[in-house]
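> the amino acid sequence is not available; the structure is as follows:
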């Protein structure tokens with residue numbers, strides 16, 4: 001299940017629904033720029049070499065924007081898919097960016113602070129010629145942090161010999177980061193769930209969240225505080241289930257202290273979590289966890305994708321047949337890039353907003369995007385994914401035509 005093949009299948013389906021011409025479809029099927037490099041990390045006793053990528057999908061609507069992930073399963077296909085999804089996500093949100101993504105094939109767990117610093121700076125040395133605050137703007141993603149963004153920013157500014165805080169978002173506050181960025185993706189997902197519950201008249205409030213990193217934790221926390229019953233959460237080691245609802249902050253406290261969430265309620269697997277009898281399922285971990293093999297066993301009425309690409313096209317077809325509602329990643333997890341955009345605006349103007357102001361602006365963007373996608377879904381009588389990507393494609397194709405590219 002190559003994520004790039006999944007992304008192309010999604011585009012094919014939208015092109016069919018939209019009756020998109022072959023020229024436009026071909027242009028959207030190819031990334032603008034694929035950059036590959038290798039990073040050499042010299043230690044005291046060994047030298048390691050890591051493959052690294054930065055891929056730019058489309059910049060018709062503005063400079064490219066997309067995170068950098070450190071993960072052992074990073075591939076060119078995955079990064080290409082993620083860059084395409086970033087193009088759609090930015091267009092759906094209405095922020096003036098195109099899409100890009102980056103990654104290093106590495107398992108960062110257990111790496112020393114010194115080695116992570118060296119790896120981060122090595123990435124910037126490899127790709128400083130293709131990024132910039134009006135060219136391509138990286139941000140955190142899987143296994144990358146504000147501290148890693150700080151090292152990357154510093155290396156970029158050393159190379160260029162000037163201050164350019166807007167070249168990286170998701171930075172520490174002291175280096176020009178934005179209030180509200182840490183919780184932005186989870187909070188945006190929470191706002192999206194509130195919109196979806198109302199729009200699709202979801203009666204129950206029982207929720208399972210797969211993935212308990214930054215995104216899953218904040219989504220679970222905000223949902224719990226709003227009166228939803230979060231009965232299950234999981235990390236890479238497994239899941240915990242409590243019919244009466246979990247204390248989300250207590251689970252996170254244990255995770256920070258022991259690196260595990262086990263010890264609350266019943267221990268189950270990640271696969272079992274997906275099939276729990278809940279009202280809302282929130283996949284917040286990795287790609288391809290919902291497939292044709294388990295889609296029929298998912299009982300949730302509403303699936304809200306806070307991970308990138310958790311549902312395969314084959315599973316989407318099953319959900320359409322079984323009348324399940326899927327709020328796609330390009331809409332549901334756009335909170336992070338929205339606040340990254342707000343950070344970039346603050347960096348470029350030198351004026352910074354409070355957390356309250358950032359959250360208000362984020363809610364406005366999320367609510368508007370959901371309303372537009374829901375309207376298109378109703379008008380075209382199609383899935384929410386087709387409506388969201390279709391809306392994005394409309395905007396991108398229009399920009400390409402205005403530039404004379406199509």
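Structure's in. What do you need? Because the structure is predicted, anything quoted here is derived from the model rather than measured.

> so what's residue 52 up against?
36, 37, 38, 39, 102, 103, 104, 105, 122, 123, 126, 127 (C-beta atoms under 8 Å, 6 or more residues apart in numbering). Any C-beta I mention is one placed from the backbone N, CA and C, and that applies to glycine too.

> equivalent analysis for residue 228, please.
Contacts of residue 228 (C-beta under 8 Å, 6+ apart): 205, 206, 207, 280.

> so how far is whichever strand or helix holds the third one from its chain's centroid?
I take that to be residue 207. Following DSSP states H and E, one finds residue 207 within strand 206-210. Relative to its parent chain, strand 206-210 has a centroid offset of 18 Å by C-alpha atoms, centre = their mean, to the nearest Å.

> and stretch 118-130, by the same measure?
22 Å.

> for it, buried residues please.
When burial is assessed from 16 or more other C-beta atoms under 10 Å, stretch 118-130 yields the following buried residues: 118, 119, 120, 121, 122, 123, 124, 126, 127, 128, 130.

> and for the closest residue to the fifth one other than its chain neighbours, the neighbour number?
When you say that, I think you mean residue 122. Nearest non-adjacent residue to residue 122, counting by C-beta to C-beta, 6 or more residues apart in numbering: residue 39, 3.7 Å away. When counting by other C-beta atoms under 10 Å, one arrives at 21 neighbours for residue 39.

> likewise the one 3 residues further on?
Taking other C-beta under 10 Å as the neighbour definition, residue 42 ends up with a count of 10.

> also the one 3 residues further on?
Counted with other C-beta under 10 Å, the neighbours of residue 45 add up to 5.

> coming back round to it: so which of the contacts of residue 52 are in strands?
Per DSSP state E, strands hold the following members of the contacts of residue 52: 36, 37, 38, 39, 102, 103, 104, 105.

> who's the closest spatial neighbour of the first one, skipping the chain neighbours?
Looking back up the chat, that one is residue 36. residue 53 (5.5 Å).

> now the second one
Here the nearest residue to residue 37 in space, its sequence neighbours aside, is residue 126; by C-beta to C-beta, 6+ apart that works out to 3.7 Å.

> now do that neighbour against residue 140, distance only.
As judged by C-beta to C-beta, to the nearest Å, residue 126 and residue 140 stand 18 Å apart.

> what do you get for residue 271?
On the measure of C-beta to C-beta, residue 271 and residue 140 end up 28 Å apart.

> more neighbours, the two?
Each of residue 271 and residue 140 has its neighbours counted (other C-beta under 10 Å); residue 140 has more, 26 against 14.

> list the contacts of the more buried one.
Taking C-beta under 8 Å, 6+ apart as the criterion, residue 140 is in contact with 67, 68, 146, 148, 149, 170.

> just the residues contacting stretch 289-301, thanks.
So stretch 289-301 is contacted by 1, 200, 202, 204, 208, 210, 270-271, 274-281, 283, 303, 307, 310-312, 314-315, 318-319, 322, 324-325 (C-beta under 8 Å, 6+ apart).

> just to revisit the earlier point, can you add distance to residue 227 and give the contacts of residue 228 back as CSV?
Output for the contacts of residue 228, formatted as CSV (distance: C-beta to C-beta, whole Å):
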residue, distance to residue 227
205, 7
206, 12
207, 11
280, 13
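
> now, among those residues, which is nearest to residue 287?
Within those, proximity to residue 287 (C-beta to C-beta) peaks at residue 280, which comes in at 20.3 Å.

> mind pulling the model confidence for that closest one?
pLDDT, residue 280: 98.

> just list whatever residues bridge to it.
For residue 280, the beta-bridge partners are residue 207, residue 302 (DSSP bridges).

> looking at it, it is touching residue 304, isn't it?
Yes. Under the criterion of C-beta atoms under 8 Å, residue 280 makes contact with residue 304 at 6.5 Å.

> hey, what's in contact with both of those two?
residue 193.

> okay, helices next: where are they in the protein?
3-18, 22-28, 76-93, 113-127, 146-160, 184-199, 214-225, 248-258, 270-274, 313-321, 329-332, 335-349, 355-380, 384-402 (DSSP state H).

> quick one: pLDDT of the residue sitting furthest away from the middle of the chain?
Centroid-distance maximum for the chain: residue 45 at 36.6 Å, with C-alpha atoms, centre = their mean. For residue 45, the pLDDT comes out at 76.

> now do the phi/psi pair for it.
phi -120, psi -10 (degrees, to the nearest 10).

> mind checking how far it is from residue 114?
For residue 45, the distance to residue 114 - C-beta to C-beta - is 13 Å.

> closest to residue 215 among the buried residues of stretch 118-130?
Once C-beta to C-beta is applied, the member of the buried residues of stretch 118-130 that ends up nearest residue 215 is residue 120, at 20.9 Å.

> count of neighbours near residue 355?
Residue 355, neighbours per other C-beta under 10 Å, totals 13.

> likewise residue 170?
For residue 170, using other C-beta under 10 Å, the count is 28.

> contacting residues around it?
Residue 170 neighbours (C-beta under 8 Å, 6+ apart): 67, 139, 140, 146, 149, 177, 181, 336, 340, 343.

> determine which two of those are furthest apart.
Taking C-beta to C-beta, no two of these sit farther apart than 67 and 177, at 14.5 Å.

> with residue 288 as the reference, measure out to the residue nearest to residue 2 when sequence neighbours are not counted.
Distance criterion C-beta to C-beta, 6+ apart; nearest residue to residue 2, sequence neighbours excluded, is residue 77 at 4.6 Å. Per C-beta to C-beta, residue 77 is found 12 Å from residue 288.

> need the overlap of contacts for those two.
Shared contacts of residue 77 and residue 288 (C-beta under 8 Å, 6+ apart): residue 3.

> export the contacts of residue 170 to JSON lines and tack on pLDDT and distance to residue 255?
Output for these, formatted as JSON lines (pLDDT from 0 to 100; distance: C-beta to C-beta, whole Å):
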{"residue": "67", "pLDDT": "96", "distance to residue 255": "22"}
{"residue": "139", "pLDDT": "96", "distance to residue 255": "23"}
{"residue": "140", "pLDDT": "93", "distance to residue 255": "19"}
{"residue": "146", "pLDDT": "95", "distance to residue 255": "19"}
{"residue": "149", "pLDDT": "98", "distance to residue 255": "22"}
{"residue": "177", "pLDDT": "97", "distance to residue 255": "24"}
{"residue": "181", "pLDDT": "92", "distance to residue 255": "21"}
{"residue": "336", "pLDDT": "94", "distance to residue 255": "21"}
{"residue": "340", "pLDDT": "97", "distance to residue 255": "25"}
{"residue": "343", "pLDDT": "98", "distance to residue 255": "27"}
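
> understood, closing this out.
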